[in-house]
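the amino acid sequence is not available; the structure is as follows:
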């Protein structure tokens with residue numbers, strides 16, 4: 001639905017409820033679309049470095065490959 005700026009200012013709470021319920025709300029100036037109200041998507045929590053410290057073990061030979069595989073990259 002499209003609302004002019006005056007209507008949007010007057011009924012902002014109602015328009016935000018509409019957006020929250022999934023409706024598309026467009027704000028217009030002199031009949032021309034100017035902005036669209038959209039919901040903010042939930043963003044995941046920030047990652048914490050070192051959270052799995054001590055839970056993962058990387059063996060010293062983790063990157064060793066058989067010679068035939070290594071040779072395959074260089075032929």
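The structure has been received and is ready for your questions. Keep in mind the model is a prediction, meaning the values are calculated, not measured.

next secondary structure after the longest helix along the chain?
Assignment by DSSP state H gives helix 12-20 as the longest helix of the chain. Sequence-wise, the next helix or strand downstream of helix 12-20 (DSSP states H and E) is strand 25-29.

packing partners for whichever helix or strand comes after that following strand?
Toward the C-terminus, strand 25-29 is succeeded by strand 32-37 as the next helix or strand (DSSP H and E). Secondary-structure packing of strand 32-37 (3 or more Cβ pairs under 8 Å, 6 or more residues apart in numbering; DSSP states H and E): helix 12-20, strand 25-29. C-beta coordinates here come from the backbone N, C-alpha and C atoms, glycine included.

quick one: contacts of strand 32-37?
Residues outside strand 32-37 that contact it (Cβ atoms under 8 Å, 6 or more residues apart in numbering): 2, 5, 15-16, 19, 24-28.

try it again at 6 Å.
By Cβ atoms under 6 Å, 6 or more residues apart in numbering, the residues outside strand 32-37 that reach it are 19, 25-28.

farthest-separated two in those?
19 and 28 (15.7 Å; Cβ to Cβ).

closest to the centroid, which residue in this structure?
residue 43 (5.9 Å; Cα atoms, centre = their mean).

spit out the contact partners of that residue.
With Cβ under 6 Å, 6+ apart, residue 43 has no contacts at all.

that one belongs to a helix, doesn't it?
No. Assessed by DSSP: H, G, I helix; E, B strand; the rest coil, residue 43 does not belong to a helix; its assignment is coil.
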